[in-house]
Structure formats: C-alpha cells, structure tokens
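1. 3D model of this:
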Amino acid sequence: MVPFVHARAQRDRRADEAEAQVERLGALGDEFMVDPELAARLRDDTKRRYELVYKEGCKTMGPLTPSEIEEKAIVEARMMETTAAIECPIGYGREEAKTDQEIVKRFARVPKSRMTKLELALEAQSIARLAAYDNTPAIRAHSRIIGLQLRQGAAKFTGKGWTSADQEELDRLEALYPLPPPDPDNSILQLIGAWRRR
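-> Below you'll find the predicted structure:
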C-alpha cells in the first residue's frame with residue numbers, strides 16, 4: 001500500500017529546500033541582490049520567451065501567429081533592457097552561477113500557482129543573476145569563442161564554412177578572454193575540448 005502524503009507536507013518540504021538554497025547563497029550577502037521588481041519582471045519575460053520559442057520550434061504547435069511574433073520581439077527587447085540594468089559583481093562567478101542554475105532547474109516544472117512567496121522570490125533572483133552573469137563581457141566572449149570553435153571543428157570535416165576573418169576573431173577573443181578549464185560537470189565543454197585536440 002502506498003502511504004498517503006498530504007499536499008501541504010510536500011509544499012512544506014519544498015519550502016524547506018528553498019530556505020536551504022537561500023543559506024547556500026548567504027555568502028553573497030547583499031552584494032548581489034537584484035531589485036525584486038526587476039527580478040520578477042525578468043523571470044516572467046524569460047518564461048514567456050521560452051514558451052514562444054518552444055512553440056516556434058514545435059511542429060505540432062507552431063508556427064507563431066503574427067501577434068506572437070510581435071510579442072516575442074517585445075519580450076526579447078525588454079529582457080535585454082532589464083538585464084542591462086543589473087550589474088554583476090566581481091565576486092559572482094562560475095560556482096555561484098552553478099548554484100543558481102540548480103535553483104532554476106529545481107523550480108522549472110513547478111507551476112507558479114503552487115510556489116510559495118519565498119520560492120518565487122528565490123527563482124526570480126536566480127534567473128536575474130544568471131542573466132546578468134551571462135551578459136558580462138567575459139561570458140559573452142566565452143559564448144562566442146565556443147560558437148566559433150564548433151564552427152572551426154565542423155569546417156575540418158566539411159572543408160568549408162571557416163574564413164580568415166573567423167580565425168582572426170577567434171584568436172583575438174582567446175587572447176583577451178581565455179576560456180577557463182572545462183567544467184567537469186559540463187560534458188558539452190569537455191567534448192568541445194577533446195574535439196579541438198584531435
């Protein structure tokens with residue numbers, strides 16, 4: 001027989017987990033607390049954009065309607081504006097980002113109506129911090145470097161799609177923003193590294 005578990009008890013356990021995550025982020029203190037209104041706006045826009053992008057790429061749901069295409073453009077522009085208003089402190093790096101990624105992943109499939117105020121605030125802060133982190137010059141450069149490295153690797157097999165301008169850009173970015181050692185938890189980056197060494 002499966003024991004009966006009251007929904008309230010499940011909710012309380014999730015609240016306890018949220019409080020535990022807050023404690024894990026306590027080392028940052030007030031150094032990286034995003035304005036709650038900005039964070040909530042960015043969380044809602046991020047989730048709405050995901051819904052629109054998912055529909056756009058889903059054969060059974062897409063394509064987007066003209067109004068949805070317009071909405072997507074408006075949401076993306078607003079996300080860029082909101083993210084630009086958040087300054088990422090020097091003390092926030094890869095390890096802190098991994099913690100926030102865990103928080104976002106934990107709440108990704110939990111309906112907003114079932115989340116506590118603490119959970120909603122925690123999720124919004126994590127999404128906002130990650131957006132600000134991804135928008136720093138170094139992380140933007142790292143994303144571009146990885147994209148170029150993938151294209152370079154593909155060109156080795158196809159013999160096309162790689163130009164001298166691409167190589168110059170890659171060399172310049174790698175000199176200015178060298179990639180850190182691959183995260184052992186990120187199999188994709190490990191694969192890219194192995195691919196380039198071939």
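
2. which intervals of the protein have sub-threshold pLDDT?
-> Scanning the chain for pLDDT under 70 picks out the ranges 1-31, 186-198.

3. who touches the residue most central in space within the chain in this structure?
-> Taking CA atoms, centre = their mean as the criterion, residue 130 is the residue nearest the geometric centre of the chain, at 5.6 Å. Taking CB atoms under 8 Å, 6 or more residues apart in numbering as the criterion, residue 130 is in contact with 97, 100-101, 104. From N, CA and C alone the C-beta is placed, and that goes for glycine too.

4. Between those residues, which sits nearest residue 89?
-> Proximity of these to residue 89, judged by CB to CB, is greatest for residue 97, which lies at 12.4 Å.

5. quick one: what helix or strand has that closest one in it?
-> Under the assignment given by DSSP states H and E, the secondary-structure element containing residue 97 is helix 94-107.

6. Now the element after that helix, going C-ward?
-> Counting by DSSP H and E, the next helix or strand C-terminal to helix 94-107 is helix 117-134.

7. Buried residues in that following helix, which are they?
-> Residues of helix 117-134 classed as buried under the neighbour-count rule (16 or more other CB atoms under 10 Å) are 119-133.

8. And for stretch 140-148?
-> Those would be 141-142, 145, 148, for stretch 140-148 by 16+ other CB under 10 Å.

9. So what touches that stretch?
-> Where contact means CB under 8 Å, 6+ apart, the residues beyond stretch 140-148 that reach it are 134, 166, 169-170, 173-174, 176-177, 179, 189, 192.

10. repeat that with 10 Å
-> Stretch 140-148 has contacts (CB atoms under 10 Å, 6 or more residues apart in numbering) with 134, 136, 162, 166-167, 169-174, 176-180, 188-189, 192.

11. From the buried residues of stretch 140-148, which land in strands?
-> When strands are assigned by DSSP state E, not one member of the buried residues of stretch 140-148 lies inside them.

12. Dump these to CSV, plus distance to residue 78.
-> Formatted as CSV, the buried residues of stretch 140-148 follow (distance: CB to CB, whole Å):
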residue, distance to residue 78
141, 24
142, 25
145, 28
148, 29
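
13. any idea which of the residues you listed is closest to residue 48?
-> Compare each of the buried residues of stretch 140-148 with residue 48 using CB to CB and the shortest gap goes to residue 142, at 26.8 Å.

14. Relative to residue 32, how far out is the nearest residue to residue 104 once chain neighbours are set aside?
-> Take residue 104 and drop its neighbours on the chain: the residue closest to it by CB to CB, 6 or more residues apart in numbering is residue 126, 5.1 Å away. Using CB to CB, to the nearest Å, we find residue 126 at a distance of 11 Å from residue 32.

15. could you dump stretch 55-64 to CSV, C-alpha only?
-> Presented in CSV, the C-alpha positions along stretch 55-64 are these (Å, rounded to 0.1, in the frame of the first residue of the first chain):
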residue,chain,number,x,y,z
LYS,A,55,6.0,26.8,-29.8
GLU,A,56,8.0,28.3,-32.7
GLY,A,57,10.2,25.1,-32.9
CYS,A,58,7.4,22.6,-32.3
LYS,A,59,5.8,21.2,-35.5
THR,A,60,2.6,20.3,-33.7
MET,A,61,2.2,23.8,-32.0
GLY,A,62,3.8,26.3,-34.4
PRO,A,63,4.2,28.4,-36.3
LEU,A,64,3.8,31.6,-34.2
